[in-house]
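J.: No letters, just coordinates:
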């Protein structure tokens, strides 16, 4: 199968992935958390929200690893919340952004990404896709392997 042409690929190492879990009907915790991040000047280059089968909200977001100490302290202090939500932190992740812009016209982009990375045993921590791009979150130690795997299926322009 021919490689898929893309316009660009960006990788951003030195990120952390934070997953926030809040109980059903406790979604009011999320705006103060995001407000605190904004007030502290913490950028969130990746964010996704989902609801699990128990009705709990799960929000995963990536931040620069340099901001992790502030985030941990903020959660330990409760961010002025009645009850802090449960959080899980992966300290060393990388973000990889693939920019199409024609991905919406090509069926099976996500399938090819998952297949290529599965062959090389690359763990995908999160994946988002749109009509023109895909963003992957992978463990930092697998960044080089991930890029090699993606190079097999995408025609990546030289930098």
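T.: Cool, the structure landed. Remember, predicted model here, so these are calculated numbers, not experimental data.
J.: Could you use CA atoms for every contact and neighbour count after this?
T.: Noted.
J.: can you give me the strands in the chain?
T.: Applying DSSP state E to the chain gives strands spanning 4-5, 8-22, 46-51, 57-64, 86-99, 126-129, 133-139, 154-155.
J.: what domains does the record give for the protein?
T.: If you go by automatic domain parsing, the domain ranges for the chain are 4-12+93-155, 14-91.
J.: and among the ones you listed, the most buried is which?
T.: Among these, judged by mean count of other Cα atoms under 10 Å, the one packed with the most neighbours on average is domain 4-12+93-155 (a mean of 17).
J.: now the end-to-end length of it.
T.: End-to-end distance for domain 4-12+93-155: 6 Å, by Cα to Cα, to the nearest Å.
J.: Relative to residue 23, how far out is residue 55?
T.: 7 Å.
J.: now do residue 130
T.: 28 Å.
J.: what stretches of the chain score poorly on pLDDT?
T.: Applying pLDDT under 70 to the chain flags the ranges 24-29, 78-85.
J.: Count residues in the vicinity of residue 1, would you?
T.: When neighbours are defined as other Cα atoms under 10 Å, residue 1 has 4 of them.
J.: For it, give me its contacts.
T.: Applying Cα atoms under 8 Å, 6 or more residues apart in numbering, we find residue 1 in contact with no residue.
J.: you'd agree residue 13 is up against residue 66?
T.: No. Using Cα atoms under 8 Å, residue 13 makes no contact with residue 66, being 11.4 Å away.
J.: OK, contacts around the nearest residue to residue 116 once chain neighbours are set aside?
T.: Among residues not flanking residue 116 along the chain, residue 149 sits closest, at 5.9 Å (Cα to Cα, 6 or more residues apart in numbering). Residue 149 makes contacts with 116, 117, 120, as judged by Cα under 8 Å, 6+ apart.
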